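What follows is a protein structure lacking sequence information:
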């Protein structure tokens, strides 16, 4: 039991159109009687350096609400622990990710990034884009990644703007429809098995068998002990490299080799209707464990950054 006279530590939750995980998580954490309580964050305009009442904030929506992202950066400056780091969310993309994981020794598809097809008003193509080579060398791209290949948004998620293309003409046609999105082209892995791994706190990994064509999770997986161990190892390596405390890593498995296909999902699926009860219950209870541990620790998102160290030296934090 905790000291009932001490003010409870707070965990704040930022969510969008989610109706199953948030209330279940809040109820689970609050019933623990650990001196930590969870609640929905309430915001309506903020002043600079405003104190933040939360030790931990779980962010599930700031990628779609810019004001929330701005608030979370201030919360990090005040010493809160944000799940996930709002500064990393701003800077990551699938091309950077593919390059990094290959340097870490994780198997991943060959990947290249394309110039944008369209630009914001004010860009004059023959003046503003003098650094770009035109026309694009589509034959060289195809020689590198092979055919079929995958065209997808470098900053996308939820399988939006993802296309499997089977010819040069189709690749160019799809690219021409992409507007201002920054697209990557990636080697297509003909998989015989598939895994989606939930990673929490850069310490725990929940391995799930997943069928992306049907968007279906299986209750049990059929991976060998060696493959499951490799999935755990690679998932942890990915999350520690990116600094994510809540993430899913997806692996297309071909001939027993897991290829890291998608590994920057910092607002991953936690809905009971897609996960099923067993996977959902794991997400609820283990996220509660993580948030209680972080709330009671001295962990701060700013610990990764020089500006936070300077602010602490000045006595501002």
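It's in. No experiment lies behind these values; they were computed from the predicted model shown.

Domain-wise, how is the protein divided?
9-90+293-313, 110-187, 190-281 (automatic domain parsing).

So which of these is nearest residue 101?
Nearest to residue 101, of all these, is domain 190-281, at 5.3 Å by Cβ to Cβ. Heads up, the C-betas are built off the backbone N, CA and C, glycines and all.

Quick one: end-to-end distance for that closest one.
Domain 190-281 has its terminal residues 32 Å apart, counting by Cα to Cα, to the nearest Å.

centre of the chain versus it, how much separation?
With Cα atoms, centre = their mean, to the nearest Å as the basis, domain 190-281 stands 12 Å off its chain's centre.

coming back round to it: want to throw the domains of the chain into CSV with distance to residue 96?
As requested, those are arranged in CSV below (distance: least, Cβ to Cβ, whole Å):
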stretch, distance to residue 96
domain 9-90+293-313, 11
domain 110-187, 8
domain 190-281, 9
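
Figure out which of these is closest to residue 100.
Of the domains of the chain, nearest to residue 100 by Cβ to Cβ is domain 190-281, at 6.1 Å.

need the domains of the chain in a markdown table with mean neighbour count and mean pLDDT, can you?
Listed next are these as a markdown table, based on neighbours: other Cβ atoms under 10 Å; pLDDT from 0 to 100:
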| stretch | mean neighbour count | mean pLDDT |
| --- | --- | --- |
| domain 9-90+293-313 | 17 | 96 |
| domain 110-187 | 14 | 94 |
| domain 190-281 | 18 | 95 |
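
of these, which approaches residue 98 most closely?
Nearest to residue 98 among the domains of the chain is domain 110-187 (3.9 Å), distances taken as Cβ to Cβ.

how far is the closest one from where the chain is centred?
Mean-position distance between domain 110-187 and its chain equals 22 Å (Cα atoms, centre = their mean).

And for stretch 185-195?
Between the centre of stretch 185-195 and the centre of its chain there are 19 Å (Cα atoms, centre = their mean).

Report the distance from the helix or strand encompassing residue 284 to the chain centre.
Using DSSP states H and E, residue 284 maps to helix 277-296. Centroid displacement of helix 277-296 relative to its chain, using Cα atoms, centre = their mean, is 17 Å.

Would you state the helices of the stretch 1-150 of the chain in chain order?
Counting by DSSP state H, counting those that start in this stretch, the stretch 1-150 of the chain has these helices, from start to end: 21-30, 66-77, 86-91, 94-103, 125-128, 138-145.

From the contact counts, what lies against the helix holding residue 284?
Counting contacts by 3 or more Cβ pairs under 8 Å, 6 or more residues apart in numbering; DSSP states H and E, helix 277-296 packs against strand 9-14, helix 21-30, strand 36-40, strand 56-59, strand 81-83, strand 193-200, strand 204-211.

what's the angle between that helix and helix 21-30?
60 degrees (axes from the mean of the first three to the mean of the last three Cα atoms, to 10 degrees).

what angle do helix 277-296 and strand 9-14 make?
Helix 277-296 and strand 9-14 are oriented at 130 degrees to each other (the same axes, to 10 degrees).

Which helix or strand lies directly C-terminal to helix 277-296?
helix 306-313.

What helices and strands are in contact with that following helix?
So helix 306-313, by 3+ Cβ pairs under 8 Å, 6+ apart, packs with helix 66-77.

and the helix it packs on, how far from the chain's centre?
Distance, stretch centre to chain centre, for helix 66-77: 17 Å (Cα atoms, centre = their mean).

Does anything pack onto it? Which helices or strands?
Partner elements for helix 66-77 (3+ Cβ pairs under 8 Å, 6+ apart): strand 56-59, strand 81-83, helix 86-91, helix 306-313.

Can you give the contact residues for that helix?
Residues outside helix 66-77 that contact it (Cβ atoms under 8 Å, 6 or more residues apart in numbering): 14, 43, 46, 48-50, 52, 54, 57, 59, 61-63, 82, 85-87, 89-90, 300-302, 307-308, 311, 317.

Next, the angle from it to helix 306-313.
For helix 66-77 against helix 306-313, the angle by the same axes, to 10 degrees is 50 degrees.
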